[in-house]
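Undergrad: Need a 3D model of the following:
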Amino acid sequence: MWCMIPGVEEVARMGEAHGASTTEEDPLKNLKLAIGSSVLCLLASCATAPEPAPQPQPAPVSLPVLPPARREVAPPPPPPPAPAPVAARCDAAVTFQNEEVFAFTKSELTQAAKARLDRDVVAKLATCARVEAVVIEVHTDRLGSHRYNQKLSERRAESVKTYLVGKGTDPDKIETLGMGKTVPAKFCPDIKGRSELIACLAPNRRAIVSIKGPAR
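TA: Residues are numbered from 1 along each chain as shown. Below is the predicted model:
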């Protein structure tokens, strides 16, 4: 609120309005009136203005409640593939002592040898879906020359091959190896008598038939 402070003329008029005298007291009285009016005006101007009424608060806005974010979980890796089944095989290795197959120093098969080949080799070949290879390996003892034993082992291997071919084995799948006395299994260094030495060296006189192929 604003107030107008009275000037000299306004003070004089105020004095006249109140019937003031023209004595020397009048100016002083008028001054007092002016000061009092000014003080009242100042006090009125310093009065505290009323605070404005509070503005209404906006109504709270309800936000939609979102469901918690769904975390995508990666699926577990697939299990490793099962190993491929191993195909069955008809592989075999059959060892004969030469006395079971051949007479001493001979290369012809005995009847006992043929029966043993039928039971242990021909029957095994029948379990093969396909014969990949047949290896006939024949060894002799160290008695006699190298040339003699080499030729003897080759003839004996051929005798076994001929028999197996007669039983239906493909000759192109058969390999013969005459080893002579090059791979001894026993040495018998201290045996002096010939008959004892022949008996001691018997493990060296052997034939091995190896079969390879997938089983039926």
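
Undergrad: now E108, nearest residue through space, not along the chain?
TA: S159 (6.3 Å; C-beta to C-beta, 6 or more residues apart in numbering). Just so you know, the C-beta spots here come from the backbone N, C-alpha and C atoms, and that holds for glycine as well.

Undergrad: following the helix or strand hosting that neighbour, which helix or strand comes up?
TA: Assigned by DSSP states H and E, S159 falls within helix 146-166. Later in the chain than helix 146-166, the nearest helix or strand by DSSP H and E is strand 174-180.

Undergrad: That following strand pairs with which strands?
TA: strand 133-139 (parallel) (DSSP bridges).

Undergrad: in the partner strand, what's buried?
TA: By neighbour count on 16 or more other C-beta atoms under 10 Å, the buried set for strand 133-139 is 134-139.

Undergrad: try stretch 86-95
TA: By neighbour count on 16+ other C-beta under 10 Å, the buried set for stretch 86-95 is 90, 92.

Undergrad: Now do that stretch, average pLDDT.
TA: Averaged across stretch 86-95, pLDDT comes to 96.

Undergrad: Next: stretch 158-171.
TA: The model assigns stretch 158-171 a mean pLDDT of 98.

Undergrad: residues making contact with that stretch?
TA: Applying C-beta atoms under 8 Å, 6 or more residues apart in numbering, the contact partners of stretch 158-171 are 101-102, 107-109, 114, 117-118, 121-122, 125, 131, 134, 136, 138, 174, 176, 207, 209.

Undergrad: Report the backbone C-alpha coordinates of it in CSV.
TA: Extracted C-alpha coordinates of stretch 158-171, given in CSV (Å, rounded to 0.1, in the frame of the first residue of the first chain):
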residue,chain,number,x,y,z
GLU,A,158,51.5,-121.7,-51.6
SER,A,159,50.0,-125.0,-50.4
VAL,A,160,47.8,-123.1,-47.9
LYS,A,161,46.8,-120.6,-50.5
THR,A,162,45.7,-123.3,-53.0
TYR,A,163,43.6,-125.0,-50.3
LEU,A,164,41.8,-121.7,-49.4
VAL,A,165,41.2,-120.9,-53.0
GLY,A,166,39.6,-124.3,-53.4
LYS,A,167,37.3,-123.3,-50.6
GLY,A,168,36.1,-120.2,-52.4
THR,A,169,38.5,-117.5,-51.3
ASP,A,170,39.4,-115.0,-54.0
PRO,A,171,43.0,-115.6,-55.0
